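K.L.:
All I have is the shape, not the residue letters:
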């Protein structure tokens with residue numbers, strides 16, 4: 001079984017069900033989002049943003065109060081991540097994903113504001129899935145427990161909002177070949193569900 005430098009296998013479910021590998025530039029476009037399918041391996045190059053629970057809460061409250069958000073969400077990707085301190089000579093420390101469900105109560109509103117992609121780990125709620133389909137968006141998973149490896153794909157990191165939140169501040173990241181897997185596509189397909197069904201059929 002072939003493994004790339006980030007530990008991704010080119011096969012799904014112990015050698016069954018090969019999926020497509022894509023290299024795409026971000027921010028996203030509607031055509032690119034529509035072309036992505038659950039199980040696809042994707043390497044992102046361009047600009048993405050980080051935000052976790054506290055930052056999501058502030059953005060949601062700003063939206064409720066009709067205040068300006070600290071970034072334009074249109075076509076952008078938010079990575080659910082709070083990095084560890086950077087080592088000397090590196091732009092960022094360990095950069096592993098946070099459990100995505102912690103952002104679920106805020107996500108439909110952000111998707112309605114133009115957010116096109118999210119990166120995290122774990123399942124999402126039905127409300128989030130419905131909002132993904134309604135807004136033509138995509139949810140990616142990054143490798144949990146591989147934060148040091150993922151940080152190698154991050155070229156630069158800059159805090160752009162909510163500096164007082166420390167590691168939960170919103171950061172602008174420049175990435176090159178950042179590895180993710182499509183977990184929930186714009187048609188509402190969910191890899192967690194389809195993988196279980198496929199495994200049960202082939203076991």
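P.N.:
Alright, I've got the coordinates. What you are looking at is a predicted structure, and each value in this text was computed from that prediction instead of being measured. Residues are numbered from 1 along each chain as shown.
K.L.:
show me what contacts residue 155?
P.N.:
91, 173, 174, 175, 176 (Cβ atoms under 8 Å, 6 or more residues apart in numbering). (Each C-beta comes from the backbone N, C-alpha and C, glycine too.)
K.L.:
Mind telling me what element it is part of?
P.N.:
Assigned by DSSP states H and E, residue 155 falls within strand 154-161.
K.L.:
what pairs with that strand, and is each one parallel or antiparallel?
P.N.:
Partners of strand 154-161 in the sheet, by DSSP bridges, are strand 170-184 (antiparallel).
K.L.:
SS state for the residue most central in space within the chain?
P.N.:
Note on the chain: the residue nearest the mean C-alpha position is residue 119, at 1.0 Å, using Cα atoms, centre = their mean. Using DSSP: H, G, I helix; E, B strand; the rest coil, the structure places residue 119 in strand.
K.L.:
same thing with residue 129?
P.N.:
Residue 129 - assigned by three-state DSSP - is helix.
K.L.:
what about it, how many neighbours?
P.N.:
Counted with other Cβ atoms under 10 Å, the neighbours of residue 129 add up to 19.
K.L.:
now residue 141
P.N.:
Neighbours of residue 141 using other Cβ under 10 Å come to 20.
K.L.:
Then residue 173?
P.N.:
Burial of residue 173, expressed as a neighbour count using other Cβ under 10 Å, amounts to 24.
K.L.:
How about residue 143?
P.N.:
17.
K.L.:
wait, it sits on residue 150?
P.N.:
Yes - between residue 143 and residue 150 a contact is recorded at 6.8 Å, counting by Cβ atoms under 8 Å.
K.L.:
rewinding a little: can you put the contacts of residue 155 in JSON lines and add distance to residue 22?
P.N.:
Below are the contacts of residue 155 laid out as JSON lines (distance: Cβ to Cβ, whole Å):
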{"residue": "91", "distance to residue 22": "25"}
{"residue": "173", "distance to residue 22": "19"}
{"residue": "174", "distance to residue 22": "19"}
{"residue": "175", "distance to residue 22": "15"}
{"residue": "176", "distance to residue 22": "15"}
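K.L.:
related to what we said a few turns ago, can you give me the offset of the strand holding residue 155 from its chain's centre?
P.N.:
Taking Cα atoms, centre = their mean, to the nearest Å, the mean C-alpha location of strand 154-161 is offset from the chain mean by 16 Å.
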